[in-house]
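Visitor: what would the 3D arrangement of this be:
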Amino acid sequence: MPNWVEDKFNPERASKKSGEKIVLFVGRLNKQKGAFILLEAFAKIKDRMDANLVFVGPPYEREEALRLIKKFDIEDRVKIVGFVSENELLKWYHKCYIVSVPTLYKGAFGLTLVEAMACGKPVVGTDDLGVPDAVGNGGLIAKAGDVNSLAECLEKILTNKQLYNRLRVNAVKRVNKMFRKEIAMKRYLKLYEKVLIMD
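Guide: Numbering: from 1, shown residues only. Prediction:
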């Protein structure tokens, strides 16, 4: 049974756009969350577009991230923010252009991606179990652990305005249809009713 997103995650509260294209990563800064693959994928496309990469969340493997940032020569295009409050996180969702969390974990649901979608942001996830079910038509799915696949997905959204706008609309509609609290609670109740009948 999926989780849900709170009403505060919505596009209506978005702040004014800065004009900067930000690819946002939200979560633990480590290998298993796909942070390092995202760095390499971003490095592949950085020269073909004007975009920056921002990491928000616990900087668990910051030193390794900094080493890779230097190796890929993207020091002027990447920012590691670290821990933020929930209100600050919401501001980042609104400020960014897209959100990507290319997790390598098995069985992930992708709540972070759903939160971003609720704010009207297209997302890029990976083809691992629950993530495609969460993202649906609100974003693109890359092959887990595949740098080229991830780079291709990011570039498509960053360079194709028509695709970007379509995914934005789809993202909000999908969340409102499937991942709002009242809808999720109805699903829980139906599940409990079935269990009681079986007993």
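Visitor: my read: Leu39 touches Ala65, true?
Guide: Yes: look at Leu39 against Ala65 with C-beta atoms under 8 Å: they come within range, at 6.8 Å. Every residue, glycine included, has its C-beta placed from N, CA and C.
Visitor: strands of this structure, start to end?
Guide: Assigned by DSSP state E, the chain shows strands spanning 22-26, 52-56, 78-82, 98-100, 123-126, 139-142.
Visitor: packing partners for the second one?
Guide: Pointing back at strand 52-56 there. strand 22-26, helix 35-45, strand 78-82, helix 86-95 (3 or more C-beta pairs under 8 Å, 6 or more residues apart in numbering; DSSP states H and E).
Visitor: got a markdown table for the strands of the chain, with distance to Thr159, mean neighbour count and mean pLDDT too?
Guide: A markdown table is the format used below for the strands of the chain (distance: least, C-beta to C-beta, whole Å; neighbours: other C-beta atoms under 10 Å; pLDDT from 0 to 100):
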| stretch | distance to Thr159 | mean neighbour count | mean pLDDT |
| --- | --- | --- | --- |
| strand 22-26 | 12 | 23 | 98 |
| strand 52-56 | 15 | 22 | 98 |
| strand 78-82 | 19 | 16 | 97 |
| strand 98-100 | 11 | 27 | 97 |
| strand 123-126 | 13 | 28 | 96 |
| strand 139-142 | 13 | 24 | 97 |
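Visitor: could those go into JSON lines alongside distance to Leu167?
Guide: Output for the strands of the chain, formatted as JSON lines (distance: least, C-beta to C-beta, whole Å):
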{"stretch": "strand 22-26", "distance to Leu167": "14"}
{"stretch": "strand 52-56", "distance to Leu167": "19"}
{"stretch": "strand 78-82", "distance to Leu167": "24"}
{"stretch": "strand 98-100", "distance to Leu167": "8"}
{"stretch": "strand 123-126", "distance to Leu167": "8"}
{"stretch": "strand 139-142", "distance to Leu167": "6"}
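Visitor: of all these, which one is nearest Gly34?
Guide: strand 123-126 (6.8 Å; C-beta to C-beta).
Visitor: who touches the closest one?
Guide: Strand 123-126 is contacted by residues 34, 98-104, 110, 113, 116-117, 131-132, 134-135, 138-145, 150, 153-154, 157, 171 when judged by C-beta atoms under 8 Å, 6 or more residues apart in numbering.
Visitor: just the ones of those in helices?
Guide: The helices, defined by DSSP state H, take in 113, 116-117, 131-132, 134-135, 150, 153-154, 157, 171 from the contacts of strand 123-126.
Visitor: in stretch 88-95, what's buried?
Guide: 89-95 (16 or more other C-beta atoms under 10 Å).
Visitor: likewise stretch 52-69?
Guide: 52-57, 59-61, 65, 68-69.
Visitor: chain center to that stretch, what's the gap?
Guide: 16 Å (C-alpha atoms, centre = their mean, to the nearest Å).
Visitor: pLDDT weak spots in this protein?
Guide: For the chain, applying pLDDT under 70 flags the ranges 1-2, 13-19, 107-108, 181-199.
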